[in-house]
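>>> Fold the following and give me the result.
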Amino acid sequence: MIRLVLTLAVLLAAAHSVASEEEDGGKDDSRTATISKTFEIKLESKSAMCVATAELDYSQRGVEAQVETIVDAKDCATASGNYIVKVSVRSDADGQTRILDFKESWNRTEGLPFESMRRYAIGDDVELKKVRIRKLSCTCADQGAED
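Coordinates of the predicted model:
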């Protein structure tokens, strides 16, 4: 990205020089243009990032949804992150579908997958339609990648 920006600045200065020569009939009058721009670049280390996968199993238990989750990050022995459990239910009364969001966090230690069993209140007179995991994030706490 920096090379592209610097190349663009050189091209702009060269274009200005050519335009000046054309205006003066090809004479070089030693006019120059100085283009300066300051950039602040923030880099994130890929060594602190990882890829997590999640599996889930769910069932309705009366007015609750029971959700069993397994999160794994094979690239990191120790990792953590967040995710959202989206629970879709349909009301028996009016047939309307609602989606309930529950924020969760996970923590993998010693190379073992994170496992959780949670019950989420879904309300009276509803039918559990489906459960999904969204916005699963992952951050490595080490560089001990497993092969």
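>>> Am I right that A54 is in contact with V71?
Yes. With contact defined as C-beta atoms under 8 Å, A54 reaches V71; the gap is 4.9 Å. In short, each C-beta sits where N, CA and C put it, glycine included.
>>> Between these two, which is the more surrounded one?
V71 (25 against 19; other C-beta atoms under 10 Å).
>>> Show me the beta-bridge partners of that one.
A54, F114 (DSSP bridges).
>>> What score does D75 have for pLDDT?
Each residue has a pLDDT score; the one for D75 is 82.
>>> and what of R118?
pLDDT, read off for R118, is 94.
>>> Could you report the neighbour count for it?
14.
>>> what helices or strands is the helix or strand encompassing it leaning on?
For R118, the element it lies in under DSSP states H and E is strand 114-121. The contact analysis (3 or more C-beta pairs under 8 Å, 6 or more residues apart in numbering; DSSP states H and E) places strand 114-121 against strand 64-72, strand 79-91, strand 97-108.
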